[in-house]
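Trainee: After the sequence you'll find the predicted model.
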Amino acid sequence: MKCLWPRGKAFLRALDSNPFPPPQQIVHRKLWGWLNSIFNKYDGSRVEDVGPDRACAEWLIRCGAGVKWNKESDWFRDYNGLPPAHASRHLRIHEIDGTDSAVMHIGFRYFQGLEKCEKILFHRAQYIDDEALKQLAFLKNTLKDLQVSACGNVSDTGLMALSQLQKLEKLLLYDLPEVRDKKRCVEFLTSCLPRCKIHFPYAQSSEREDGEKQ
């Protein structure tokens with residue numbers, strides 16, 4: 001099964017660039033949304049068969065993300081490049097790169113049972129929303145490093161939910177246009193996560209432009 005997501009994601013970005021797409025494009029967009037929902041569907045029986053880390057890696061790669069089995073390993077992004085299921089039960093996911101991926105919160109139950117996942121990057125992940133950030137609580141005992149950027153469906157509510165991640169040491173946030181009160185979010189997260197280094201340079205593009213002018 002060959003993963004063909006790069007073409008699909010490029011197609012979705014082309015559709016999203018047109019604010020008034022013709023009916024045919026609307027149909028295509030709904031079709032891709034439906035397919036993404038299918039690829040994100042949680043399969044508990046698969047978790048039982050191959051273990052939580054292997055099942056989670058299959059889900060992530062299926063949706064265009066990448067995984068590292070340990071800090072020194074290469075990134076795995078090709079579904080066909082995964083080690084055989086019978087030989088991967090001992091492997092543990094350490095890092096996840098969700099850049100340009102189609103991961104949705106409906107698949108976040110796959111995070112349940114991961115014991116070594118310390119770092120996640122969500123950049124230009126168009127389906128990452130408030131509910132997805134709430135469900136990162138599955139990783140509250142392991143996650144140390146998190147980046148959420150250029151995700152247009154994340155609001156103040158989603159950022160507040162990150163307060164559950166008590167092991168977090170580093171949090172990078174930027175280009176989140178639905179966040180309305182950046183200062184309040186930072187103050188809240190700082191009070192809840194005193195050991196975490198939080199960097200949130202801008203939420204709106206206008207803030208970045210203002211900063212460049214100064």
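Mentor: Nice, thanks for sending it over. Every value quoted in this text rests on a predicted model; they were computed, and no experiment measured them.

Trainee: Could you give me the buried positions within stretch 73-83?
Mentor: Residues of stretch 73-83 classed as buried by neighbour count (16 or more other C-beta atoms under 10 Å): 76-77, 82. (Each C-beta comes from the backbone N, C-alpha and C, glycine too.)

Trainee: got a list of what the nearest residue in space to residue 137 that is not next to it in sequence touches?
Mentor: Computed as C-beta to C-beta, 6 or more residues apart in numbering, the closest residue to residue 137 that is not its neighbour in sequence is residue 164, at 4.5 Å. By C-beta atoms under 8 Å, 6 or more residues apart in numbering, the contact set of residue 164 is 134, 136-137, 140.

Trainee: How about residue 197?
Mentor: By C-beta under 8 Å, 6+ apart, residue 197 lies in contact with 169-171.

Trainee: likewise residue 152?
Mentor: Neighbouring residues of residue 152 by C-beta under 8 Å, 6+ apart: 126, 176-178.

Trainee: Mind doing that once more with 6 Å?
Mentor: Shown in contact with residue 152 (C-beta atoms under 6 Å, 6 or more residues apart in numbering): residue 177.

Trainee: How is the residue positioned nearest the centre of the chain assigned, secondary-structure-wise?
Mentor: Relative to the mean C-alpha position of the chain, the nearest C-alpha, by C-alpha atoms, centre = their mean, is the one of residue 122, at 4.1 Å. Assigned by DSSP: H, G, I helix; E, B strand; the rest coil, the conformation of residue 122 is strand.

Trainee: Report the separation between residue 83 and residue 38.
Mentor: Distance, residue 83 to residue 38, by C-beta to C-beta, to the nearest Å: 25 Å.

Trainee: burial count for residue 171?
Mentor: 23 (other C-beta atoms under 10 Å).

Trainee: I misspoke; the intended subject was residue 149.
Mentor: Neighbour count for residue 149, taken as other C-beta under 10 Å: 19.

Trainee: And residue 123, by the same measure?
Mentor: Other residues within reach of residue 123, judged by other C-beta under 10 Å, total 18.

Trainee: Can you check the pLDDT for it?
Mentor: On pLDDT, residue 123 comes in at 98.

Trainee: show me what contacts it?
Mentor: 99, 149-150.

Trainee: mind putting these in TSV, distance to residue 106, secondary structure and pLDDT included?
Mentor: Converted to TSV, the contacts of residue 123 look like this (distance: C-beta to C-beta, whole Å; DSSP: H, G, I helix; E, B strand; the rest coil; pLDDT from 0 to 100):
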residue	distance to residue 106	secondary structure	pLDDT
99	20	coil	98
149	22	strand	98
150	21	coil	98
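
Trainee: Going by distance to residue 55, which of these wins?
Mentor: residue 99 (21.5 Å; C-beta to C-beta).

Trainee: Can you tell me, leaving aside adjacent residues, what's nearest to the closest one?
Mentor: Of all residues not flanking residue 99 in the chain, residue 123 sits nearest, at 4.4 Å (C-beta to C-beta, 6+ apart).
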